[in-house]
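J.: okay, here's the prediction I keep looking at, along with the sequence it came from:
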Amino acid sequence: MLVLAAIPPVVGGTGGSAAVTAAGNEATLAGAGNVPAGPPAALKAEAAAAIDDATVEKRRFASSRDRAFDRINGTLADYRDPVRLASMGSFTDDAVGVQALAKLARSEANVTAVRASRYVALADNRTTYRTILDARLALNQTEGELDNEGLRRSAEAHVDNAERQFDRAQRRLARANDSEGRRAIR
C-alpha cells in the first residue's frame, strides 16, 4: 500500500501565481520544487492560463502553444471535484498537450513550457494518487461482500498494478525535474 510520503513535498514556494513575477515572456508559474500545493484542477488552470498568455513569434510555435492550451484547458471540465476526474481520457489529452509543450521548449516560451508541463504532471499524479486511494478504500470496504474470490483477486491485482505504475511515474517525474528544456518536458 502506498503511503502519503509517496507524493513529493512542496518546498519553499508561495501559493498561486504570485510565486514568480511575470517579466516579459516569463511564466507566471513557480519553478521546479516551488509548485503550489493546490488541488489538481487549480494547478492545471494555472498552467493553461500561462500557456495561453505565452508569446511566440513563429507560426509553428503558435500552433503548438494553441494545441497545448486546447488539450490541457479542455480537461478542466472533466473534474468532478478539485481532485477527481470524471473521464480518464483527460490523461490522454494532457499527454498530447504536454507533447505540444515539448515543441515550445525550442521557442522563447521555453520557461513557460517547462513549468506548465510540471504543473500538469503534478496535477495528474495527484489525481492518480487519489484515484488509487479511492480504489483501495472501495476494495477494503467490500471485504467479505464479494462472493467471487477470483473477482476479488483480480480487483486487488489491478489496484496493486496501479500502485506500481504510480511509483514508476513518480521516479520518472523526479528525473524530469532534474532535467532542463525539452528533456524535462518529455
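T.: Noted; the coordinates are in hand.
J.: wait, doesn't Ala102 sit right on Ala113?
T.: Yes: between Ala102 and Ala113 there is a contact under Cβ atoms under 8 Å: 7.3 Å. All C-beta spots, glycine's among them, are computed from the backbone N, C-alpha and C.
J.: the more surrounded of these two?
T.: Ala113 (31 against 19; other Cβ atoms under 10 Å).
J.: contacts only, for Ser87.
T.: Ser87 makes contact with Asp78, according to Cβ atoms under 8 Å, 6 or more residues apart in numbering.
J.: should've said Met88
T.: For Met88, the contact set (Cβ under 8 Å, 6+ apart) is empty.
J.: distance of the most centrally placed residue in the chain from Glu156?
T.: Centrality entry for the chain: nearest residue to the mean C-alpha point is Ala121, 2.6 Å, by Cα atoms, centre = their mean. Distance of Ala121 to Glu156, computed by Cβ to Cβ, to the nearest Å: 28 Å.
J.: other SSEs contacting the helix or strand where Arg60 lies?
T.: Counting by DSSP states H and E, the element that carries Arg60 is helix 59-74. Counting contacts by 3 or more Cβ pairs under 8 Å, 6 or more residues apart in numbering; DSSP states H and E, helix 59-74 is packed against helix 40-53, helix 89-104, helix 110-141.
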